[in-house]
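*Asks:* Any chance you could fold what I've pasted below:
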Amino acid sequence: MREQSLTIHEGFAAQVLLNEHHTAVIFNGTSMSYRELNQRANVVASLLIDKGARPDKIVAIMTERSLEMIIAILAILKSGAAYMPIDPRLPRDRIEYMLQDSKAELLVTQSGVTDKEFDYTGEVIKIDATLNHVDAPEVSYPNQPHDLCYAIYTSGTTGLPKGVLIEHRNVMNLMQGLHEIVYQHYPNPLRVALVAPYYFDASVQQIFASLLGGHTLIIVPEETRIDGNKLLAFYNEYAVVISDGTPAHIAMLTYAMKSYQVNLSVKQFIIGGEELTPLRAGEFMNCFLTLPPVVTNIYGPTECCVDSLAYTIKPEDVGTGVIPIGRPLLNQNVYLLQENKQVPAGSPGELYISGAGVGRGYLNLPELTSRFFVNCPFEDDSIMYKTGDLATTRPDGNIVYMGRSDFQVKVRGYRIEIDEIKATLSTHPSIHEVEIHPWKDQREETYLCAYIVSPEKWDAADLKIYLAEKLPAYMVPSYFVPIEKIPLNRNGKLDRKALPEPIGNEPERTSSGVPQNETEEMLLAIWKDVLGVQNSGVNDHFFEWGGHSLKANLLVSTIMRQFGVEISLQDVFDKPILRDIALIIAQAAPSDKTSIEVAPNLAYYPLTIAQNWMYMLSIRHADSITWNMPGALVIEGAFDTDAFFKAIQLVVARHAILRTSFDWVQGVPVQKVWENATVPVQVSKVTDVEIMDRIHRFVRPFDIGIAPLIRTEILRIDDSKHIFLFDAHHLVFDGASIGIFMQEVADAYHGKSLDTHQLQYKDFTVWQNAYLTDERLSELEVYWLNAFTGPIPMLEIPSDYARPLQLSGAGETLYFIIEPSLADRISRMSVEKGSSIYMILLAALNVLLYKYTGTEDIVIGSLSAGRASAELEKMIGMFVNTLPMRNFPQGNKTFTAFLHEVKTHALQAYTHEDYPAERFETNIKMKKRPSHRPLFDVMFTFLNFDDQELKLTDLTIKPYPLELHLSRFDIVMEAHQSADGIAYQLNYSTDLFKSETIMQMKDDYLAILALLMDNPEICLKDIDWRENDWNTDQSELETIDFSF
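*Replies:* I've put the predicted structure just below:
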């Protein structure tokens, strides 16, 4: 093995001589040449030497992403010392521990970064003030290759983080290894992006590979590196050629590229930190118009200087079950052992790493170092690192990662020791026993759940605050679940399979208050059923426990049915505490609303209010797919297509609406239910390149006179990969129906008996037509005529193209996410203001349109689920109503006052939602103009539907993106809550808008939301998000971080 003779700052000095005037680093449009960077590092290094910096002494650095960050790192190395990066957003206790444990006598930071008070007796050096000094002479301490280069703290098993020590020789060897597998294949100089935080060891490979190779390092700003759309634009703006990332980063870019395909400047991605699946890699590589960039999958623990193995992904890998982590990098070796013996190829073993990458060990932890850094019996005078990872060797010599032998996990690229969380949580006085278990959601993202055994009462919100004061936010579990005892197997060890999976929407808190009377007892049972929770009490808040508008509707309808009284949605919003709702029930008047009953068998049935409007639109545009509801799912594994189609036929036979056609009889539209209407079965063998063409042929207009108005097809890629295509006409299906259909198909596929149900959609149609008497319609009409009294202005959003006489219906969709930090603040405000999340998001959109147009009278279309009765909760059919939401975002109103108006108008609209849509055109005075919709050109929808995913045992199922390029309105914003925050689809007419304009609209919307969460008392006229660097509160975000 060749020993490294140079140190990092000696390698950098060589590049300064070779590339004095070449750009070394760029951040936010400001650049520095190699000469300038060297000069500034010399100034700081001279000061550090005067303050006592020397070899094997640790100097702490705590800065934001900036040019000063790079100057500080180089200066510390030039002074002969080692650097220790600290995330300034860590809890104070953790920062103090790192400074004390490392014995760092010097802390290099920036003005404003260390404003939080913490106990530190060393000297603080503000680098921005230091750089005002005069130039210093060349500084380059004569370190040796075995001198300490950096210390990075990672999660530990004792409840405290542990410092990993890496020497100069380790880093220099990594640079040679990366040159061999990556950099030598591209012409110099290159532009290299730094996406990883500098306090992650992944930053090492980017910073030093760039600066020691004579390249240009491009520091990606914090607000850009976590935003897929901004990052794509950033790459091209700065002509980035090589970028780092994690699988989560790949997923973020893939999500962003769903809205448009791009030609990307990046030629090479270096991806690591956690397992990269073939599906995720394939989705990413399929996003590109031309050849995709090279993706190198890398593996390596922090203890072995970032990267130890690498594998460049081939196109055929994405169709396999696993992507290898590859072969060892230069001067590194790997061994797979069981009981200290090497295992044969194909057998699993624990992965050990030896060679030039293995670091010095753990700081101040000699016992732990000796346990994991052990003598290598296969090499002379060599140490190998025991990773705890299981792996196997393929016949071609590549290593395949198989998981952990212990319970260390990665969350968003962060390495986490489960025992550290357990140890910290066990110090809470209310906790008797605790276990932490990682789970994966449907997006393959890992999250943590704490299982609590305690005879005392505890509150999850309190526990989260307790942990947040002691641990990084990414180590705080997402869920806290009470259990009676820790489950053990026959061997007395933890039985992880017996731990209950957290319910996705269950609040992370305990109940409060026991029922005092029969009304409260009955209401609590309804409450638990509607919210899907077990541990709730009479003093609990409906919206804090996961309630939203749809669930509030279900709560109201169930109360009315079981108690026989009349209460309103407004009651739940005004009095969301269970005990207060019980008082409203006790004082409520008897309800005159009849229950839905089974209708007699008829040759034809009337249409519902929602269907009538949809029928008229369908007749006018018979050759359009505008009202189709298509979807596609990738199904991987041993998929029984025959059983699946039988399951579909069972569900079709079960729901009369899926055997329904539409006709015009005696001057009125009607629907006819057929006894038998089989969905055609088709399995087609296709190649990857044929998929999109088959999807476009599959999604075609329906003949609404012929049942069934759903169709399915399965595309067979190979024996283990299929794509399920589904399409239905909106006359028989709505968004909530998707989840009902998928759940019942899954149950039938698994052989489960489906719940018996008597009521059908045809029964609802008869009931609604009987309920909506002329008297009732007149009452509804009075409300809507009053709501739309006076002239209704046409909203003129500035567009890129002149509005044509008739819109073509062409459109595109931009996908984006409101990150968890901002989403949490929105959720908190909804509780504080007594509104729903939907109302806040709608109010913010009104503010955006007001700022764009100056209009203080705005109508936005919005969808209501239309399932106000509990009997409709599991019924397939078309229930959705489109409601015109008219609001007045006047400049002198505060946002709080305006939000209250939006809430009031929305609740009144829901109460009067049964008004037929076609009557709006007839009875409400509107100025008609070509190519404009009658009442509104902008739609906003917040989907509260329960899980719509198809879940089949032992099969991996993921959505397959459809590219139909359609638009129904000028602008349609559709949002839904996800594990990642609040996910948006922003659909727009390409007849009117360019993609760049919509991107800016998205940015403006997010900026306004963040501003309003910070200052809800601001007057609308005073909102000016462009004068501030508003973002989605990145200071609080747990972002995608990259560790390799």
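
*Asks:* Now do the helices in the stretch 351-500 of the chain.
*Replies:* In the stretch 351-500 of the chain, the helices defined using DSSP state H, counting those that start in this stretch lie at 366-372, 418-425, 460-468.

*Asks:* outside of the shortest one, which residues touch it?
*Replies:* The set of residues external to helix 366-372 that reach it, using Cβ atoms under 8 Å, 6 or more residues apart in numbering, is Lys162, Glu303, Gly361, Tyr362, Tyr385, Lys386. For the C-beta atoms, the positions are set from N, CA and C on the backbone; glycine is no exception.

*Asks:* so which of those residues would you say is closest to Leu569?
*Replies:* Lys162 (53.6 Å; Cβ to Cβ).

*Asks:* Determine the number of other residues adjacent to the residue lying closest to that closest one once chain neighbours are set aside.
*Replies:* Distances taken as Cβ to Cβ, 6 or more residues apart in numbering put Gly156 closest to Lys162, at 4.1 Å, once the chain neighbours are dropped. Neighbour count for Gly156, taken as other Cβ atoms under 10 Å: 17.

*Asks:* repeat for Leu785
*Replies:* 14.

*Asks:* ditto for the one 10 residues further on
*Replies:* The burial metric for Leu795, expressed as a neighbour count using other Cβ under 10 Å, is 20.

*Asks:* quick one: contacts for it?
*Replies:* Counting by Cβ under 8 Å, 6+ apart, Leu795 makes contact with Leu849, Thr853, Thr855, Ile858, Val859, Phe936, Asp937, Val938.

*Asks:* how about it, secondary structure?
*Replies:* Here Leu795 is recorded as coil under DSSP: H, G, I helix; E, B strand; the rest coil.

*Asks:* How much space separates it from Gly80?
*Replies:* For Leu795, the distance to Gly80 (Cβ to Cβ, to the nearest Å) stands at 65 Å.

*Asks:* repeat for Thr393
*Replies:* Counting by Cβ to Cβ, the gap from Thr393 to Gly80 is 42 Å.

*Asks:* And for Thr63?
*Replies:* When Thr63 is compared with Gly80 (using Cβ to Cβ), they lie 20 Å apart.

*Asks:* quick one, domains of this structure?
*Replies:* 8-393, 408-485, 518-587, 609-764, 772-796+810-871+880-945+963-1027 (automatic domain parsing).

*Asks:* Nearest to Pro804 among the ones you listed would be which one?
*Replies:* Counting by Cβ to Cβ, Pro804 lies closest to domain 772-796+810-871+880-945+963-1027 out of the domains of the chain; the figure is 5.9 Å.

*Asks:* And for this structure, the residue most distant from the center?
*Replies:* Distance from the centre of the chain peaks at Gln666, with 51.9 Å (Cα atoms, centre = their mean).

*Asks:* follow-up on the earlier one: most widely separated two among the contacts of Leu795?
*Replies:* Thr853 and Phe936, at 13.2 Å, using Cβ to Cβ across the contacts of Leu795.

*Asks:* which one of those two has more residues nearby?
*Replies:* Just comparing Thr853 and Phe936: by other Cβ under 10 Å the higher neighbour count belongs to Phe936, 23 against 14.

*Asks:* Would you mark the buried spots in stretch 816-836?
*Replies:* Across stretch 816-836, burial judged by 16 or more other Cβ atoms under 10 Å covers 816-823, 825-827, 829-831, 833-836.

*Asks:* Which ones among those residues lie within helices?
*Replies:* The helices, defined by DSSP state H, take in Pro820, Ser821, Leu822, Ala823, Arg825, Ile826, Ser827, Met829, Ser830, Val831, Lys833 from the buried residues of stretch 816-836.

*Asks:* between those, which is closest to Asp763?
*Replies:* Ser830 (35.3 Å).

*Asks:* ok, the closest one touching His541?
*Replies:* No: under the criterion of Cβ atoms under 8 Å, Ser830 makes no contact with His541, lying 10.7 Å away.

*Asks:* and Thr320, how many residues sit next to it?
*Replies:* Neighbours of Thr320 (other Cβ under 10 Å): 12.

*Asks:* okay, Tyr260: pLDDT?
*Replies:* Tyr260 is assigned a predicted lDDT (pLDDT) of 49.

*Asks:* Apologies, that question was intended for Thr990.
*Replies:* 94.

*Asks:* can you pull the contacts of Asp101?
*Replies:* Leu160, Gly163, Leu363, Asn364.

*Asks:* filter the residues you listed to the buried ones?
*Replies:* Members of the contacts of Asp101 classed as buried by 16+ other Cβ under 10 Å are Leu160, Gly163, Leu363.

*Asks:* Could I get those residues in JSON lines, plus columns for pLDDT?
*Replies:* JSON lines is the format used below for the buried ones among the contacts of Asp101 (pLDDT from 0 to 100):
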{"residue": "Leu160", "pLDDT": "82"}
{"residue": "Gly163", "pLDDT": "96"}
{"residue": "Leu363", "pLDDT": "97"}
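
*Asks:* Keep only those of those residues that are in strands.
*Replies:* Among the buried ones among the contacts of Asp101, the residues falling in strands (DSSP state E) are Gly163.

*Asks:* ok, the buried ones among the contacts of Asp101 vs His750, which is closest?
*Replies:* Leu160 (46.0 Å).

*Asks:* In this structure that closest one contacts Glu420, no?
*Replies:* Yes: applying Cβ under 8 Å, one finds Leu160 in contact with Glu420, separated by 7.2 Å.

*Asks:* What's opposite Leu966 in the beta bridge?
*Replies:* Listed beta-bridge partners, Leu966: Ala810 (assigned using DSSP bridges).

*Asks:* Revised request: answer the last question for Ile452.
*Replies:* Val434, Pro482.

*Asks:* and it, what does it touch?
*Replies:* Contacts of Ile452 (Cβ under 8 Å, 6+ apart): Ile431, Glu433, Val434, Trp458, Leu463, Phe480, Val481, Pro482, Ile483.

*Asks:* who wins for neighbours among those residues?
*Replies:* Using other Cβ under 10 Å as the neighbour test, the contacts of Ile452 are led by Phe480, with 27 neighbours.

*Asks:* same question for the longest strand along the chain, mean pLDDT?
*Replies:* Ranked by number of residues, the top strand in the chain under DSSP E is strand 383-393. In this model, strand 383-393 has a mean pLDDT of 91.

*Asks:* Report the strands that pair with it, each with its relative direction.
*Replies:* strand 349-355 (antiparallel), strand 373-375 (antiparallel), strand 399-404 (antiparallel).

*Asks:* As CSV, could you dump the C-alpha coordinates of stretch 660-675?
*Replies:* Output of stretch 660-675 as CSV, limited to C-alpha atoms (Å, rounded to 0.1, in the frame of the first residue of the first chain):
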residue,chain,number,x,y,z
THR,A,660,-73.7,2.3,-14.6
SER,A,661,-74.2,4.0,-17.9
PHE,A,662,-75.8,7.4,-18.8
ASP,A,663,-78.6,8.3,-21.2
TRP,A,664,-81.1,11.0,-22.1
VAL,A,665,-84.7,9.9,-21.5
GLN,A,666,-87.7,12.1,-22.0
GLY,A,667,-85.7,15.3,-21.9
VAL,A,668,-83.6,14.6,-18.7
PRO,A,669,-80.3,12.9,-18.1
VAL,A,670,-80.6,9.5,-16.3
GLN,A,671,-78.4,6.7,-15.2
LYS,A,672,-79.0,3.0,-15.7
VAL,A,673,-77.5,0.2,-13.5
TRP,A,674,-76.7,-3.0,-15.3
GLU,A,675,-76.7,-6.4,-13.7
